[in-house]
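Undergrad: what follows is a predicted protein model with its sequence.
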Amino acid sequence: MDTPAADRLNRPDAPFATFEESRRRIAHAAQFMPGGVSSNFRIGMAPHPLVFDRAEGPHLIDADGNRLIDYYLGMGPMILGHNAEAVRRAVADQLDRGFLYGGQSALEAEAAELFCAMVPCAEKLRFCSSGSEAVQAALRIARAATGRRTVLKFEGHYHGWFDSVLVSVQPPPDVAGERAHPAALPGSKGQDEAAWGTVEVLPWNDLALLQARLAGGDIAAVIMEPAMCNAGAISPAPGYLEGVRAACTRTGTVLIFDEVITGFRVAPGGAQQIFGVTPDLATFAKAVASGFPVAAVAGRADLLDVFTQGAVHGGTYNAQPIAMAATLATLRALADGRAIAAIAPHGRRLMQGIEAALTAAGITATVTGFPQIFHVAFGLSEPAREWRDLTRMDKPRYVKFCGELLKRRVRVLERGAWFLSTTHDSLVIDETLAAVAEAAREVA
């Protein structure tokens, strides 16, 4: 369908964006797909899920012809911007060679070698198709290698939607239990309690509580986001990751970093490179392949070799050649760190500009995180240290702010995260900050 995108740019005199064609298409699709979508994470978007016709650089063009500045970036993968030329060329070349072999390709080995050269913990890796799958693979490795069953995770950290780890991701304060002994709460109806019955939960950034629990010597793995980016973009407290690393080493516990968001986005080697703490295993997805379904579990060679010693991991589409072409092109673009570093000044200016606009409008908020992925929290006067701090956010007001931005053709996640790409240049930041100032005044 042809859309009048050229007539609906982010001009100061342009009317507010409307989304009636998207609304119509979603209503039609809902006859065949629950909610008209294929992921629950797309249902709650205001004013309703949007339908897109194409994407280029920092922009999405939707079914109504609106050209939107995009800070979703596919929930994080599009670090090189939408429709990156180098990735398109690599994928087009592989299309002529075949789609799926049921065997290995040269691209797979080449991508694995470059991956291992970039990531500090990666002596070996196994490619997967999603971050959720990579987490399951990591947990299976840890249990097989240690002979232990219990896994320790943290409130507010998300590690995929599977029954075994969708636990205490957004626990309501009134049922979360005591801070030192949080309740392990399922995140969905229909979860099998037997699948997550061996998962224990602690508050993040509290080293003493972690050390006390690990002293029993019965924990197979500690899994965490090294920086809590699915909720809040919270940094680890000084010395926290180092203390966790030492405690895991001392007790023979496998330390797993979930770098699905931070991997290849905040540095070529992920957050583990920035913080200088090396886990035993780490999971990756999103930015690794510029929007193609690729993930990986990487880490110590002896742990990855458990897959050749009785621990099972499979997948028909894992390391599919077309996806590997995208992976290799993406990693080559990010390997020397210059592309990631180039995002930083634009991200910092955007963070500072948002903070200034909210302050000028009289809105209490924090803006925290990395220049490449940060979080805006309405209602907080100081940065959060753990999930329970985030429960004090004024989410309804922030969702209204997001709606006002969308009317002005700037698309941001209602959960507070902002993702930047190499194509978000100074002009895009200028347009965004103008929209932010207007939206802030409106919700104030």
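TA: That came through, no problem. Residues are numbered from 1 along each chain as shown.
Undergrad: mind listing what residue 129 touches?
TA: Contact analysis of residue 129 by C-beta atoms under 8 Å, 6 or more residues apart in numbering lists 293-295, 315, 317-318, 320. The way it works is simple: take the backbone N, C-alpha and C, and place the C-beta from them, glycine included.
Undergrad: also residue 196?
TA: By C-beta under 8 Å, 6+ apart, the residues touching residue 196 are 163-167, 184, 186.
Undergrad: give me the pLDDT for it.
TA: With respect to pLDDT, residue 196 scores 87.
Undergrad: okay, now residue 370: neighbour count?
TA: Neighbourhood size, residue 370 [other C-beta atoms under 10 Å]: 25.
Undergrad: may I see the buried residues of stretch 307-322?
TA: 307, 311, 313, 318-322 (16 or more other C-beta atoms under 10 Å).
Undergrad: mind checking the end-to-end distance for it?
TA: Start-to-end span of stretch 307-322 (C-alpha to C-alpha, to the nearest Å) is 24 Å.
Undergrad: returning to what we had before: I'd like the contacts of residue 196 as a markdown table, with pLDDT and distance to residue 223 appended.
TA: As requested, those are exported to a markdown table (pLDDT from 0 to 100; distance: C-beta to C-beta, whole Å):
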| residue | pLDDT | distance to residue 223 |
| --- | --- | --- |
| 163 | 92 | 15 |
| 164 | 92 | 11 |
| 165 | 94 | 8 |
| 166 | 93 | 13 |
| 167 | 92 | 11 |
| 184 | 92 | 14 |
| 186 | 91 | 17 |
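Undergrad: and residue 53, its phi and psi?
TA: phi -100, psi -30 (degrees, to the nearest 10).
Undergrad: my read is that it contacts residue 62, right?
TA: Yes: between residue 53 and residue 62 there is a contact under C-beta atoms under 8 Å: 6.7 Å.
Undergrad: the two - which one has more neighbours?
TA: Neighbour count, other C-beta under 10 Å: between residue 53 and residue 62, residue 62 has more, with 24 against 15.
Undergrad: and the residue nearest to residue 124 when sequence neighbours are not counted, what does it touch?
TA: Leaving aside its chain neighbours, residue 124 sits nearest to residue 304 (3.9 Å; criterion: C-beta to C-beta, 6 or more residues apart in numbering). Taking C-beta under 8 Å, 6+ apart, we find residue 304 in contact with 123-126, 141, 297-298.
Undergrad: swap the cut-off to 7 Å and go again
TA: 124-126 (C-beta atoms under 7 Å, 6 or more residues apart in numbering).
Undergrad: filter the contacts of residue 129 down to just the ones in strands.
TA: Among those, the members found in strands (DSSP state E) are residue 295.
Undergrad: hmm, which two among the contacts of residue 129 are most spread apart?
TA: Using C-beta to C-beta, the two most remote members of the contacts of residue 129 are 295 and 320, lying 12.1 Å apart.
Undergrad: before we move on, the earlier item: you'd agree the residue nearest to residue 124 is in a helix?
TA: Yes: secondary structure of residue 304 (DSSP: H, G, I helix; E, B strand; the rest coil): part of a helix.
Undergrad: where does the protein dip in pLDDT?
TA: 1-14 (pLDDT under 70).
Undergrad: show me the domain layout of it.
TA: Residue ranges for the domains of the chain, per automatic domain parsing: 5-83+338-443, 85-334.
Undergrad: return the set of residues that bridge with residue 126.
TA: Judged by DSSP bridges, the bridge partners of residue 126 are residue 297.
Undergrad: understood, closing this out.
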